[in-house]
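S.K.: build me a structure from this.
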Amino acid sequence: MSVIVNHREKYSFEAHTRNHLILSDQPTSSGGGDSAMTPNELFVSSLGLSMAVYIQHFFRARNLPGDRFSLHLDWEQEENPTRISKVSACIHLPPEVPERYREGLRHAAESCPLEHTLRAALKIEVQIG
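M.R.: Okay, the predicted model is just below:
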């Protein structure tokens, strides 16, 4: 699998994979045009979207109403080195989901590939080509 990232203008970039395009930018206070999410926002969004897929698998496997849940994510950032140090995710469920499924839903969210990748200390190699 691959993604190609190209510069657009200032701090705005586009990422291409398969037939899809994602835009990223910085806020105007950081020299960007604020035309899209920042890379950190996209990163946390990707984690949330991955969790949501696994939550939906849980709902469907049990014939539960999974069309009205939402997932709210907050994160903390640290410096030296600059990084996201903590992500908190809260699953908001429709009232008709029985209490007995809550722990299973939490486990489903924690079972997504991005969660496992982050917990396993992803190795990143950077080369000049």
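S.K.: other SSEs contacting the helix or strand of the chain with the lowest mean pLDDT?
M.R.: Lowest by mean pLDDT, DSSP states H and E among the helices and strands of the chain is helix 113-119, with a mean of 92. Packing partners of helix 113-119 (3 or more Cβ pairs under 8 Å, 6 or more residues apart in numbering; DSSP states H and E): helix 39-61. Where you see a C-beta, it was placed from the backbone N, CA and C, and this is true even at glycine.
S.K.: which residues sit against the helix it packs on?
M.R.: 22, 24, 37, 64-66, 69, 71, 73, 75, 77, 84, 87, 89, 91, 101, 104-105, 108-115, 118 (Cβ atoms under 8 Å, 6 or more residues apart in numbering).
S.K.: kindly provide the distance from the residue located most distally from the centre of the chain to residue 4.
M.R.: Relative to the centre of the chain, the most outlying C-alpha is that of residue 129, 28.4 Å out, by Cα atoms, centre = their mean. Distance, residue 129 to residue 4, by Cβ to Cβ, to the nearest Å: 12 Å.
S.K.: over to residue 52?
M.R.: 26 Å.
S.K.: more neighbours: the two, which one.
M.R.: When neighbours are counted by other Cβ atoms under 10 Å, residue 52 and residue 4 differ, and residue 52 comes out ahead with 19 against 8.
S.K.: which residue packs closest to residue 31, ignoring adjacent ones?
M.R.: In space, residue 31 comes closest to residue 11 once its chain neighbours are excluded; the distance is 5.7 Å by Cβ to Cβ, 6 or more residues apart in numbering.
S.K.: show me the contacts for that neighbour.
M.R.: Residue 11 neighbours (Cβ under 8 Å, 6+ apart): 25-26, 30-33.
S.K.: kindly recompute the last result at 10 Å.
M.R.: Applying Cβ atoms under 10 Å, 6 or more residues apart in numbering to residue 11 gives the contacts 24-27, 30-35, 38-39.
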